[in-house]
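> next come a sequence and a model predicted from it.
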Amino acid sequence: MLKELEKLSASEVELMMKAPLLVCILIAGADSEIDKNEIKGAIGLAKKGKVIGSLAEYYKDVAEDFEDKLKILLRILPKEPSSRNSFVVEELSQLNLILPKMKKSAAVDFYKSLRYIAKKIAETSGGVLGMKAVGEKEMQFLGLSMIMDPGSS
């Protein structure tokens, strides 16, 4: 587990471990439908672990049973897309209370990794021409504006 998580409460650690899944669901479900390619893309990202280097151990833990965790989370979340998106946005915004408790470099790497995941999931769905284009609905969530950039302060 990421050393930075050791100083957080159990509920904060749970959200940190769930955050990449929530980002996947938010971006993949932005257009109302989470398609198989988006889920495959999310699973592939988790397994490859191609994220910020200092978070390799964290993403190794996140990647464990990623598909099962994603499916469980999808069953728990609201089915109606706008309700689901609102719920996920609210959950992700709670990271604004957690990231300041972490070492700044770790918080910045974590934030960047979530934005990387968002971008890659958005590109997976293919947009209009299917060539790494980002669809209009994904674009509204792509910047993860509900999470404050810990590097900007």
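Okay, I see it.

> for residue 59, the count of nearby residues, please.
The criterion is other Cβ atoms under 10 Å. On that basis, residue 59 has 22 neighbouring residues. (C-beta placed from N, C-alpha, C; glycine too.)

> ok, residue 147 next?
By the criterion of other Cβ under 10 Å, residue 147 has 20 neighbours.

> now do the SS call for it.
Residue 147 carries the three-state label coil when classified by DSSP: H, G, I helix; E, B strand; the rest coil.

> what is the neighbour count of the closest residue to it other than its chain neighbours?
In this structure, residue 147 finds its nearest non-sequential neighbour in residue 95, 5.2 Å apart by Cβ to Cβ, 6 or more residues apart in numbering. Residue 95 sits with 23 neighbouring residues when counted by other Cβ under 10 Å.

> mind starting the numbering at 36 from now?
Shifting the count to begin at 36 puts that one at residue 130.

> kindly provide the distance from residue 130 to residue 110.
23 Å (Cβ to Cβ, to the nearest Å).

> same check, this time on residue 73
Between residue 73 and residue 110 the distance is 17 Å, computed by Cβ to Cβ.

> looking at these two, which is more packed in?
The neighbour count for residue 73 versus residue 110, taken as other Cβ under 10 Å, is higher for residue 73 (24 against 8).

> any idea which helix or strand in the chain has the lowest mean pLDDT?
Across the helices and strands of the chain, mean confidence by mean pLDDT, DSSP states H and E is lowest for helix 71-83: a mean of 71.

> pull out the buried residues from that one.
Residues of helix 71-83 classed as buried by neighbour count (16 or more other Cβ atoms under 10 Å): 73-74, 76-77, 80-81.

> next: stretch 114-129.
If you call a residue buried by 16+ other Cβ under 10 Å, then stretch 114-129 has these buried ones: 119-120, 122-124, 126-127, 129.

> tell me the one of the residues you listed nearest residue 148?
Sorting those by distance to residue 148 puts residue 127 at the head of the list, at 13.3 Å, by Cβ to Cβ.

> contacting residues for that closest one?
Contacts here follow Cβ atoms under 8 Å, 6 or more residues apart in numbering; on that basis residue 127 touches 54, 57-58, 61, 179, 181-182.
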